[in-house]
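>>> below is the sequence, then the predicted model.
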Amino acid sequence: MTEKKRVHECNQRMILLYGVGKERDEARHQLKKITKDILKILNKKSTTEMGVGDEGQKARKTKQEAFPTLETVFTKLQQLSYFDQHQVTSQISSNVLEQITSFASGTSYHLPLAHHIQLIFDLMEPALNINGLIDFAIQLLNELSVVEAELLLKSSSLAGSYTTGLCVCIVAVLRRYHACLILNSEQTAQVFEGLCGVVKHVVNPSECSSPERCILAYLYDLYVSCSHLRSKFGDLFSSACSKVKQTIYSNVQPSNSNLLWDPEFMLDFIENPSAHSINYSMLGKILSDNAANRYSFVCNALMNVCMGHQDAGRINDIANLCAELTACCTVLSSEWLGVVKALCCSSNHVWGFNDLLCSVDVSSIDLSFHDSLATFIAILIARQCFSLEDVVQHVALPSLLAAACGDPDAEPGARMTCRLLLHLFRTPQVCLFPQGTGKLFPGIRSSCDRHLLAAAHNSIEVGAVFAVLKAILMLGDAEIGSNNVNSLKSEEFHMRGLLDELNEDEIWGSSHTLKSCGKAVSIETASLSEYARYVLRTICQQEWVGEHCLKEPERLCTDKDLILDPVLSNKQAQKLLQLICYPHGIKECTEGDNPQRQHIKRILQNLDQWTLRQSWLELQLMIKQCMKEPGSGSVAEMNSLLDNIAKATIEVFQQSADLNNNSSNSGIGLFNPNSVGNADTSNTRQNGKKTFLSSSERRGVWLVAPLIAKLPTSVQGRVLKAAGEELEKGQHLGSSSKKERDRQKQKSMSLLSQQPFLSLVLTCLKGQDEQREGLLTSLQNQVNQILSNWREERYQDDVKARQMMHEALQLRLNLVGGMFDTVQRSTQWTTDWALLLLQIITSGTVDMQTNNELFTTVLDMLGVLINGTLASDLSNASQGGPEENKRAYMNLVKKLKKELGDKRSESIDKVRQLLPLPKQTCDIITCEPMGSLIDTKGNKIAGFDSIDKKQGLQVSTKQKVSPWDLFEGHKNPAPLSWAWFGTVRVDRKVIKYEEQQHLLLYHTHTKPKPRSYYLEPLPLPPEEEEEEPTTPVSQEPERKSGELSDQGKHATDDEKKTKGRKRKSKSSSRADEQALIKEVNGGGQKDGGFLSNRAQCGSRLDPTGSFVPTNTKQALSNMLQRRSGTMMQPPSIHAITPQQQLLQMKLLQQEQQQQRLLRQQAQSRSLQQVCPNP
């Protein structure tokens, strides 16, 4: 969006929100005031670049004014809407970017501090302006190479450090929002190219600055994770990629140095790192060349961290100094790891650094240095000095396991290790203004380092996370240490989150307290086991830990290095998984005599779409634990677990049914949020949002079926078996007895009528072929029992019992419908269920009046069974071909007809429509010749005495014939036989009159015309009307006179005249032909021209009649057709006698002769005109 359009949109929004007046001006003024205050803070300490030769030029000093504090401005900014926050941060970022652009172009000498740019990043993050933040970072990257060139041109002292320091802030932000960045491949390519431009001067990754080391590490991660970068920048970065991997991502082994310690080595730099202008490359070379110097530097640095005043800024400065030197001297990585191991495993004196251990008392009661040490190590990890996995492998695990195994001397080191892990695994806390609060904050000062530490969390392997959690869990269960306070019980431990009871000051302050059994317990006096449990709970409550552990749930239950580690008992593994899945605690039901069933019931009751994966993991872990050790004991344990899962599933549905009944009976509607008073806290929130759902849906019973479907098939089979048993309990439901047994059965019927239960059974049926036969038999018996109860009139007087019976029947029919493929594969099953469905209708159990919906279901199922018998892909009879299918179909229809009998009702009439139409036959009396006999073969022959008797036919037999076969006429042989009537088929010869009649049927007859039609003159063509000659001879003198008058003209005119004469001769010949036709049609002018006029007018008045002939040949052919009778003639006044016909033939011959003579004369004249005499 352009700037002009953006301003217009902001103005329109202001008018829409505040109108035009004072309120809009105040809101606009507030935004301008906040933007101005932030810019004042950012521009207060901007760097001023001066040339080397201009020593007399001084930096411009600004007048001291009362600047607002950053905390106040940040609070005001957060109170704005997100749109206004985006607007403010966009203006600030544009201002800073303009300063950098001006410096890069050489028009300005001022550069914003990297710390201030980092502050802008921190302001944009709470405003959720992530897209703008990434765009701003990319724009800065594009300018850094030009800025570095300008600094080198001006020989500035900031050359080589300013751009890399600003770039590491950009890298930290991009690492924080790496998932958003890689969605746009174009932006990712721009970032990669810009970062390569910043570190292009680095030749050896082992000799660079700390920011350059972080940049190279991020380039490596981008290059490895994005294939489009490898294809685009493979030539540029492929060689550097291997070097970075060998230098930064190599495994670091801890050092156990014990060399000569120099207490004064680099002590000035360590005590006040910011007061010196340090040449890191020179110091790095000194440390690389001498191992004693490295040992002395590491010991002095750790002594200042552990024994100093624990100033947060000083700890951060020392950590930054050590990170810079480690980037120049990579050997220091193993030294740092070794000294941390020596402190955490102080009970074992083989890890070196004895001089440090003599000065720092790890077992001291004062544990205040733990936080300082944790901050120091966290910054080193964030700056890629060593990885978090190295700390876990070489430091944390040996220290925790030594204490868990019962070594009392290892307890102080284990306590410090727990504190280090709590700090390292905890998501870094944001602190924008540590100076303004006036409180000590022993944490990471820079948000850049916090983002880099969070990136280290994302890159750690899930195995390392589980290793830490398992070690702390074992330490917490070891019950090491004792005090006057009762230790935490395991049940109480996972019921509540101790972290939620502590505020920020209690967590990070010097007086840390735990709360156990309602009493405050100090960290210094709490037992190690209690503290370990607290640390474990706190680590599991970190969001990234849960996401990391649950990212691959299948691997979690298959990899023996994770939760199925043999070092953990089954109870410990389940407890650890609960901590990961439910970090803020979940209430466990302890009622009942079977804790395992109650635990499974709790899992199923707390199902929702967000906890489905966690519930599956808990059940899958219990199943895998039973399969770890094969044997008779494990088999019995597995059977017990399967039974508990099945019974707990049924109990969940029973409770859901009770909840539905209680809600409906008490008159509480679905829209009352108090209808489910016993729901969990997680469900209460859903009830408030979705009050229109039924209680079963709110309790998540619909998710039980998908959960069971993801478990092994053995679980599904056991659940299906338990469901079948529950179905059999309700087969005598609705009886007239009022005993408690019948009431329980009616309660069971209400349970079984739930649709979620139907979904569960149908889901379990998939792949359980061995269970289908038994379930079908059970369902058949139950339906038969319902029919028996109906025939005994047990449902007649109780309307509610009848309604419950229909619900139970609906459920059972739905279950049968889910197994219809099994029913249709067997002819016997098809017949049994078809008869049973028919009996449901014929007995009146279900009809159209009482339950039309259920009646439609039964009718549809019956129709599918009847028609499916003929389908070749549904019946086993198809193996014998279509004939077997038809035979099975006819047998089924015969049985159904027998069952129907003569019963009549509206519902039964609907059933009869499914059966084939009955064949109605008629009786035909057949005949035979008189005196016919039957021979030994059964054939009829004429008797010997029939010759003298009278001839004729006698009645023989009576045959049944289907009228439908007579109507169709497709049956072969025909249903009626000629022999029945003593006849023989003889082909009749068609006479000529019938043939003529047949032809006349397709002949087009003209309509009768009035007499006036025949009295009108004959129409002539247009050419004949223009030049109508009187006679052919009369035109000859005209042609001769024309030839004499045109002899003196040009040859072109002769040609034109020749063409004209040809045209005239042609029209003359046409006129002669017309005259001849008139003579022929008129009979030599004997009829007064009546026939001639009639022939002439035919074409003009009758559009359907014959057209006017244009030549003599056509006229003669028309006349001959009329005489032969093949062409319709108009009705004549007088009949034509044979004498007249003879006369007409003679006239026709004369006309033909005259026509030949006229043609010869016309040809001779044309030759004379073309070739005149000389």
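Thanks, I have it.
>>> give me the low-pLDDT residue ranges for the stretch 501-650 of the chain?
Along the stretch 501-650 of the chain, the parts satisfying pLDDT under 70 run over 501-525, 588-592, 630-632.
>>> which residues of it fall in strands?
The residue ranges that make up the strands of the stretch 501-650 of the chain, judged by DSSP state E, counting those that start in this stretch, are 513-516, 519-522.
>>> repeat for the stretch 51-200 of the chain
Under the criterion DSSP E, counting those that start in this stretch, the stretch 51-200 of the chain contains strands at 110-111.
>>> where are the low-confidence patches of it?
Under the criterion pLDDT under 70, the flagged ranges of the stretch 51-200 of the chain are 51-67.
>>> which residues in it form helices?
Secondary structure of the stretch 51-200 of the chain (DSSP state H, counting those that start in this stretch): helices located at 70-78, 82-104, 114-124, 130-153, 162-176, 178-181, 185-198.
>>> can you tell me which of the ones you listed is most buried?
Comparing the helices of the stretch 51-200 of the chain by mean neighbour count (mean count of other Cβ atoms under 10 Å), helix 162-176 comes out on top with a mean of 24. No exception for glycine: its C-beta is placed from N, CA and C like everyone else's.
>>> got the angle for that helix vs helix 185-198?
Helix 162-176 runs at 150 degrees relative to helix 185-198, counting by axes from the mean of the first three to the mean of the last three Cα atoms, to 10 degrees.
>>> which other residues reach helix 162-176?
If you take Cβ atoms under 8 Å, 6 or more residues apart in numbering as the criterion, helix 162-176 is touched by 47, 111, 114, 117-118, 121, 133-134, 137, 140-141, 144-145, 147-148, 151, 181, 191, 195, 198-199, 209-212, 214-215, 218, 447-452, 454-455.
>>> and what of stretch 351-368?
The contact list for stretch 351-368, computed with Cβ under 8 Å, 6+ apart, reads 254-258, 261, 295, 298-299, 302-303, 306-307, 310, 338-339, 341-343, 345-346, 349, 369, 412-413, 415-416, 419, 510, 523-524.
>>> can you give me the end-to-end span of that stretch?
Stretch 351-368 has an end-to-end distance of 24 Å (criterion: Cα to Cα, to the nearest Å).
>>> how much space separates Glu928 from Val955?
8 Å (Cβ to Cβ, to the nearest Å).
>>> ok, those two, which is more surrounded?
Residue environment comparison for Glu928 versus Val955 gives the larger neighbour count to Glu928, 17 against 9, counting by other Cβ atoms under 10 Å.
>>> quick one, phi/psi of that one?
In this entry, Glu928 is assigned phi and psi values of phi -150, psi 160 (degrees, to the nearest 10).
>>> could you do Leu31 as well?
In this entry, Leu31 is assigned phi and psi values of phi -60, psi -40 (degrees, to the nearest 10).
>>> can you pull the contacts of it?
Contacts here follow Cβ under 8 Å, 6+ apart; on that basis Leu31 touches Leu80, Asp84, Gln87, Val88.
>>> can you tell me which of those is nearest Gln625?
Distance ranking of those against Gln625, using Cβ to Cβ, places Leu80 first at 53.8 Å.
>>> the helices of the stretch 51-200 of the chain: which one's closest to Gln596?
Ranking the helices of the stretch 51-200 of the chain by proximity to Gln596 (Cβ to Cβ) places helix 178-181 first, at 40.0 Å.
>>> just to revisit the earlier point, would you turn the contacts of Leu31 into JSON lines with distance to Gln609?
Supplementary listing: the contacts of Leu31 in JSON lines, determined by distance: Cβ to Cβ, whole Å:
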{"residue": "Leu80", "distance to Gln609": "35"}
{"residue": "Asp84", "distance to Gln609": "35"}
{"residue": "Gln87", "distance to Gln609": "37"}
{"residue": "Val88", "distance to Gln609": "38"}
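>>> let me see the ranges of the strands in the protein.
Ranges of strands within the chain are 47-48, 110-111, 513-516, 519-522, 922-929, 932-934, 940-942, 953-961, based on DSSP state E.
>>> which parts of the stretch 251-400 of the chain are helices?
Counting by DSSP H, counting those that start in this stretch, the segments of the stretch 251-400 of the chain that form helices are 267-271, 280-289, 291-307, 312-328, 332-344, 354-359, 369-382, 388-391, 397-404.
>>> who does the last one touch, helix- and strand-wise?
The reference is to helix 397-404. Under the contact definition 3 or more Cβ pairs under 8 Å, 6 or more residues apart in numbering; DSSP states H and E, helix 397-404 sits against helix 332-344, helix 411-425, helix 462-477.
>>> pull that helix out as CSV, backbone CA atoms only.
Included here for helix 397-404 are C-alpha records, laid out as CSV according to Å, rounded to 0.1, in the frame of the first residue of the first chain:
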residue,chain,number,x,y,z
LEU,A,397,22.8,-36.6,33.2
PRO,A,398,25.9,-37.6,35.1
SER,A,399,25.1,-35.2,37.9
LEU,A,400,21.4,-36.2,38.3
LEU,A,401,22.0,-39.9,38.0
ALA,A,402,24.8,-39.9,40.5
ALA,A,403,22.4,-38.3,43.1
ALA,A,404,19.5,-40.5,42.1
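>>> ok, and what's touching that helix?
Here helix 397-404 has contacts from 341, 344-345, 347-348, 410-411, 413-414, 416-418, 467-468, 471-472, 474-475, 478, 480, 528, using Cβ under 8 Å, 6+ apart.
>>> orientation of that helix relative to helix 332-344 in degrees?
Here helix 397-404 points in a direction 10 degrees away from that of helix 332-344 (the same axes, to 10 degrees).
>>> again, but for the third one
Helix 291-307 and helix 332-344 meet at an angle of 50 degrees, taking the same axes, to 10 degrees as the criterion.
>>> these two touch, right, Lys341 and Val392?
No. Between Lys341 and Val392 no contact is recorded; they are 11.6 Å apart, counting by Cβ atoms under 8 Å.
>>> who has more neighbours, those two?
Neighbours around Lys341 and Val392, counted as other Cβ under 10 Å, are more numerous at Lys341. The numbers are 26 against 22.
>>> let me know the pLDDT of that one.
Each residue has a pLDDT score; the one for Lys341 is 90.
>>> residue contacts, it?
Counting by Cβ under 8 Å, 6+ apart, Lys341 makes contact with Pro254, Trp351, His394, Val395, Pro398, Ser399.
>>> quick one, which of those are buried?
Burial by neighbour count, judged by 16 or more other Cβ atoms under 10 Å, picks out Pro254, Trp351, His394, Val395, Pro398, Ser399 from the contacts of Lys341.
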